[in-house]
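Participant: Provided below for reference: sequence and predicted model.
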Amino acid sequence: MALVPTLTINDTTTFSDTINFSVTDSLTVTAPSSSLSTIVVDTTGANNIIVAANDNKQTWVFVRHTGTSDGSSSTSAHCDIEITGDVAVGTLKPNEWFFFPFCGNGASKGVQLQAVGSAVQCEYAYWSDSTGQ
Amino acid sequence: MATTTASVAISSSDLQPGNRLSINASSTLMQTGLTTGLELMEMGKGKLTEASAADALHESLGTADTANWVYICNNATDDTHYIKVGIHETIIGNLGAGDWMWMPWNMSDGDAEINIEAEPTGATIPYEYAIFKSTYTLPAKT
């Protein structure tokens, strides 16, 4: 099964030159996977593990902050992305998203989300890479 | 005002029976507070060698809990050549030939350093990257 992710970065206002590039990939993916789902993320990362520890299984992870706390009420609260064990990766603000490859690397690690201050609703999906890298 | 837009489209025609997968998302990169865009950007390309072991993609000389974004792409054409990407001592994942990633980065200190490493033995991997930053502390004069 093929998954085709495309990233486009565009900026015409910040610098005297325009930034505009796009990159497309074609990934061969397999089970386990999760189709697009939503989660209300609370302030304890261990409560919001979206990709369980999977040792060496490479997984592609997409997460988007919906800009709401529950699907309808808007929020400005941030959402941290962490590797289980509370290793901070970065923070999503409302409506931001990320897409990255994750593997437990033999260390029994997963991916978890942690809201900052108050609950945040995120949507997420993941797909396992079949290449074994 | 700085207005950098990051968009993603993720599609598949055969992942879900009877339902073509089509995910689209777009966001404007903003500093904490959501009123000012990111005005610091670094972009480049290079070659990683397996012999050099893990290298830091960028010094993590920023302010804790600010907004920063990282793009990395493995431009190798050999399917066996991949880049291990980690945060300090924790491996995040592997970028195979042609793969890219886009993620926020808490570039506050050495513990938040992004490491990249070419694999397998003997590999030399061309890569490209872009980093969009809220703040950056210039290195001390030598």
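Facilitator: Everything's here; your move.
Participant: Nearest residue to the residue of chain B found nearest chain A in space, please, no chain neighbours.
Facilitator: Residue nearest to chain A within chain B (CB to the nearest CB): residue B:104, separated by 2.9 Å. (Glycine included, C-beta is placed from N, CA and C.) Nearest residue to residue B:104 in three dimensions, chain neighbours excluded: residue A:90, at 2.9 Å (CB to CB, 6 or more residues apart in numbering or on different chains).
Participant: Residues contacting the helix or strand that contains that neighbour, please?
Facilitator: Secondary structure from DSSP states H and E places residue A:90 in strand A:87-92. Strand A:87-92 is contacted from outside by A:63-65, A:78-83, A:98, A:109, A:116, A:122, B:65, B:67-69, B:87-88, B:90, B:92, B:103-106, B:112, using CB atoms under 8 Å, 6 or more residues apart in numbering or on different chains.
Participant: what lines up beside it in the sheet?
Facilitator: Sheet pairing for strand A:87-92, assigned by DSSP bridges, gives strand A:79-83 (antiparallel).
Participant: contacts for the strand it pairs with?
Facilitator: So strand A:79-83 is in contact with A:41, A:45, A:63, A:65, A:88-92, A:98, A:109-116, A:120, A:122, B:87, B:90, B:92, B:103-104, going by CB under 8 Å, 6+ apart.
Participant: How about stretch B:25-33?
Facilitator: Applying CB under 8 Å, 6+ apart, the set of residues contacting stretch B:25-33 is A:62, A:64, A:78, A:93, A:95-97, B:2-8, B:36-38, B:65-67, B:69, B:132, B:134.
Participant: From one end of that stretch to the other, what's the distance?
Facilitator: 21 Å (CA to CA, to the nearest Å).
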